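Novice: Structure of the sequence below:
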Amino acid sequence: MSRRTRALAFLVAALICALLAATVAGRYRSRVEGRYGPLRPVVVATSELPAGKPIGTARVQAALIVRRVPSSFVPPSALTRTADALGRAPGATIPAGSYLLGAQLVLPHPKEPPEPGVAVGLRPVQVAVAGAEALTVGGPAPEGRRVDVVVSRQAGLGRSASAHIAASAVRLLALAAPAGPGEPWNATLAVTEEQALSLIAAQSAGREVRLLPRG
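Specialist: Numbers count the residues shown, from 1 in each chain. Predicted structure coming up:
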């Protein structure tokens, strides 16, 4: 038998084997589908999915896969596409090898907003202050401390000097150093609306504002 004839015989034998394998596989699939139902796609976790951790794009690609299984083995609400899990988080840890169910996934809770720097009923107001460098000497940062706000008026034609406490025990939210020579310090205070209007009016009238630390 020539080499060409042998090669042709091997090719024919390979084709016959492939046809037989396809026939056997088809018969097996028919028997499986007849007994357990048609094959359906279902999303499977290939690695553990921690509870509460949102499933992002990278996680979808690395930890989820679609497999085809008989419909009788597919639980209700099983996902059929990996994209359906995107942005959602497991309510409880999902072990590797588990089907991914819609009932297992929840929308993640939004992050709690940071604690506000201004309490309810107060508002921030920025004022230019004199002598604020005294608050920064020999101690921790002044932000967050309670201060008294003193408004004073210089003596002038037909008037005497005066000073009064415009706001007592208010919280100092921020203190900014002068931007340049001759510029004032700027303080942001948490005050009531009435106190804010009083301080703004004092600034407009050219009054001097100073902060006195409490305690």
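Novice: Please, where are all the strands along the protein?
Specialist: Assigned by DSSP state E, the strands in the chain fall at 39-45, 64-70, 89-90, 105-106, 123-129, 146-153, 162-176, 185-191, 208-213.
Novice: what mean pLDDT would you report for the third one?
Specialist: Think strand 89-90. Here strand 89-90 scores 90 as its mean pLDDT.
Novice: and it, what other elements does it pack with?
Specialist: strand 105-106 (3 or more C-beta pairs under 8 Å, 6 or more residues apart in numbering; DSSP states H and E). No exception for glycine: its C-beta is placed from N, CA and C like everyone else's.
Novice: Just the residues contacting the strand it packs on, thanks.
Specialist: 55, 85, 88-91 (C-beta atoms under 8 Å, 6 or more residues apart in numbering).
Novice: the domain parsing of this structure - what is it?
Specialist: Split into domains by automatic domain parsing, the chain comes to 36-108, 123-213.
Novice: Excluding sequence neighbours, find me the nearest residue to Arg146.
Specialist: The shortest distance from Arg146 to any residue other than its chain neighbours is 4.3 Å, reached at Arg214 (C-beta to C-beta, 6 or more residues apart in numbering).
Novice: again, but for Gln203
Specialist: Val127 (5.8 Å).
Novice: Can you report how many residues lie near the one you found?
Specialist: Using other C-beta atoms under 10 Å, Val127 is surrounded by 22 other residues.
Novice: just the one 3 residues further on next, same as before
Specialist: Neighbours of Ala130 under the rule other C-beta under 10 Å: 13.
Novice: wouldn't it be in contact with Glu183 here?
Specialist: No - under the criterion of C-beta atoms under 8 Å, Ala130 is not in contact with Glu183, lying 11.4 Å apart.
Novice: ok, back up a step: the residue nearest to Gln203 bridge partners, please.
Specialist: Ala187 (DSSP bridges).
Novice: What residues does it make contact with?
Specialist: Residues near Val127 by C-beta under 8 Å, 6+ apart: 149, 186-187, 189, 199-200, 203, 209.
Novice: Look up how far Val170 lies from it.
Specialist: Distance of Val127 to Val170, computed by C-beta to C-beta, to the nearest Å: 11 Å.
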